[in-house]
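Colleague: Fold the following for me, if possible:
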Amino acid sequence: MAAGVFGSGEEKGPAKEQAAEKPAGAPEQIPAPPDVGAPPPEAQTAESGLAFRVIQTGTGTVQPRPTDLVTVHYTGWTSAGKMLDSSVQRGKPIRMVLKRFIPGWQEALRQMVVGEERRLWIPERLAFQGNPTAPAGMIVYDVRLLDIQEGPETPPSDVAAPPPDAGRTRSGIAFRVLTPGRGSRHATARSSVTVHYTGWTTDGKMFDSSVVRGTPANFALDQVIPGWTEGLQLMVEGEKRRFWIPEKLAYRGQAGKPKGMLVFDVELLAIQS
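Modeller: Model (predicted):
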């Protein structure tokens, strides 16, 4: 996945870039639209200089906030017609917190609803700020908004304590299944896995999130906190759970680490081994 549509800022945590696989039969290039060189007369232009044209109207009524998690499909070109990147070509949309995108995307998506697609002509000052390796000049994107979800910076309503219907392990971990998984394969204590996750303290402070970074995390289960080693072995691929992990199974008072019981939403994307 190209980093171009993401805003500047240092990446944190254990996340690693995932290699993007192109589906079989996908085209090497998606042809640029005929108006890629400049906005047509019917395009609208904002005070910021962002120009856009609605390609398809949406079906939703809600517009995303900066802290919301948005799922989008997109293709980008230079104004000369060279394709830069495309989730459409890969056959996999991207999901990320809105405020992590480049300014031109942030401005455009905040005006859109689910199902809507727009063509954006983004001036350089609203595109790849602070990225010396990125293409210069105006960039053109076709962007389709697929979904809006409340972002991880908004803590869950039950972050303070496990609800009465939460399951519990003998060790003291509480859990709740948020999304059922697929299949029956479980990881072992030495498996390597790929996950998306967000962690909060019980007062609702988010302290880490691969979801905010927009990149899943890869790790071996014998290299994480005991609560994760145990909890993820309960899950199957595609499953998402909320865990309430007591301090004795979390960071155990380590300096510089969050203290007390911690709450994690974990989505198991893949069991690698």
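Colleague: now do the same end-to-end measure for stretch 63-82.
Modeller: Taking CA to CA, to the nearest Å, stretch 63-82 runs 31 Å from one end to the other.
Colleague: oh, I was asking about stretch 110-128
Modeller: From its first residue to its last, stretch 110-128 covers 19 Å (CA to CA).
Colleague: likewise stretch 71-88?
Modeller: 12 Å.
Colleague: what is the mean pLDDT for that stretch?
Modeller: Average pLDDT, stretch 71-88: 95.
Colleague: which residue lies farthest from the center of the protein?
Modeller: residue 41 (34.6 Å; CA atoms, centre = their mean).
Colleague: which ones are touching it?
Modeller: With CB atoms under 8 Å, 6 or more residues apart in numbering as the criterion, no residue contacts residue 41. The way it works is simple: take the backbone N, C-alpha and C, and place the C-beta from them, glycine included.
Colleague: One more: residue 221?
Modeller: Residue 221 makes contacts with 187-193, 228-229, 232-233, as judged by CB under 8 Å, 6+ apart.
Colleague: ditto for residue 169
Modeller: For residue 169, the contacting residues are 175, 230-231, 234, by CB under 8 Å, 6+ apart.
Colleague: follow-up on the earlier one: of the contacts of residue 221, keep whichever come out buried.
Modeller: Buried by 16 or more other CB atoms under 10 Å: 187, 191, 193, 228-229, 232, out of those.
Colleague: Only the buried residues of stretch 122-138, if you could.
Modeller: Going by neighbour count (16+ other CB under 10 Å), the buried part of stretch 122-138 is 122, 126-128, 134-135, 138.
Colleague: Just checking, which helix or strand of this protein averages the lowest pLDDT?
Modeller: For the chain, using mean pLDDT, DSSP states H and E, the weakest element among its helices and strands is helix 210-213, scoring a mean of 88.
Colleague: which helices and strands does that helix pack with?
Modeller: Using 3 or more CB pairs under 8 Å, 6 or more residues apart in numbering; DSSP states H and E, the elements in contact with helix 210-213 are strand 94-97, strand 192-201.
Colleague: Tell me if I'm right that residue 52 and residue 122 touch.
Modeller: No - Residue 52 lies out of contact with residue 122 (CB atoms under 8 Å); the separation is 9.1 Å.
Colleague: Tell me the bridge partners for the residue nearest the centre of the chain.
Modeller: The chain has residue 96 as the residue nearest its centroid, 3.0 Å off, counting by CA atoms, centre = their mean. Beta-bridge pairing for residue 96 (DSSP bridges): residue 70.
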